[in-house]
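**Student:** would you be able to build a 3D model of this:
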Amino acid sequence: QVQLQESGPGLVKPSQTLSLTCTVSGGSITAMYYYWSWIRQPPGKGLEWMGAISYSGSTYYSPSLKSRTSISRDTSKNQFTLQLSSVTPEDTAIYYCAKRYAKAGYDYWGQGTQVTVSS
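**Tutor:** This is a model prediction of the structure:
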């Protein structure tokens with residue numbers, strides 16, 4: 001049973017960089033054909049895919065967020081990390097990490113973590 005757990009600060013000031021970590025247990029982030037994503041949900045809005053890192057370390061980003069987003073991984077800790085720079089209050093959301101196999105749907109999700117951008 002794969003488990004994902006997001007961690008990071010719940011409050012970030014405008015213009016700063018938001019940094020979240022997803023710790024994976026029960027499966028390796030380097031296992032073939034697995035993709036590890038960051039997805040967020042602003043209040044009152046739908047889910048927004050932000051980006052992903054593959055089993056081989058390749059990264060993929062939403063075009064609308066690409067200039068501010070970086071996803072990396074630490075295979076020794078079985079973790080992957082999201083960094084979102086120059087945040088504004090519009091980046092306030094629940095942030096989720098999730099796993100999918102190849103082009104299948106997401107089968108495992110973290111519980112989500114609330115991040116508020118406010119001074």
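
**Student:** where do the strands of the chain begin and end?
**Tutor:** Applying DSSP state E to the chain gives strands spanning 3-7, 11-12, 18-25, 34-41, 48-54, 59-61, 69-74, 79-84, 93-101, 106-109, 113-117.

**Student:** give me the sheet partners of the fourth one and which way each runs.
**Tutor:** In this case it means strand 34-41. Here strand 34-41 has these sheet partners by DSSP bridges: strand 48-54 (antiparallel), strand 93-101 (antiparallel).

**Student:** tell me the contacts of the residue nearest the centre of the chain?
**Tutor:** Centroid-nearest residue in the chain, with CA atoms, centre = their mean: Trp38, separated by 2.6 Å. For Trp38, the contact set (CB atoms under 8 Å, 6 or more residues apart in numbering) comprises Leu20, Cys22, Trp49, Met50, Gly51, Ala52, Ile71, Leu82, Tyr95, Tyr96, Cys97, Ala98. C-betas here are computed from N, CA, C, even on glycine.

**Student:** quick check: ChimeraX command selecting the buried ones in the residues you listed.
**Tutor:** Only the buried entries of those go into this ChimeraX selection, using 16 or more other CB atoms under 10 Å:
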select :20,22,50,51,52,71,82,95,96,97,98
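
**Student:** any chance of the contacts of Trp38 in JSON lines, plus pLDDT and distance to Ser28?
**Tutor:** Converted to JSON lines, those look like this (pLDDT from 0 to 100; distance: CB to CB, whole Å):
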{"residue": "Leu20", "pLDDT": "98", "distance to Ser28": "20"}
{"residue": "Cys22", "pLDDT": "98", "distance to Ser28": "14"}
{"residue": "Trp49", "pLDDT": "97", "distance to Ser28": "23"}
{"residue": "Met50", "pLDDT": "98", "distance to Ser28": "22"}
{"residue": "Gly51", "pLDDT": "98", "distance to Ser28": "20"}
{"residue": "Ala52", "pLDDT": "97", "distance to Ser28": "16"}
{"residue": "Ile71", "pLDDT": "98", "distance to Ser28": "17"}
{"residue": "Leu82", "pLDDT": "98", "distance to Ser28": "19"}
{"residue": "Tyr95", "pLDDT": "98", "distance to Ser28": "22"}
{"residue": "Tyr96", "pLDDT": "98", "distance to Ser28": "20"}
{"residue": "Cys97", "pLDDT": "98", "distance to Ser28": "15"}
{"residue": "Ala98", "pLDDT": "98", "distance to Ser28": "16"}
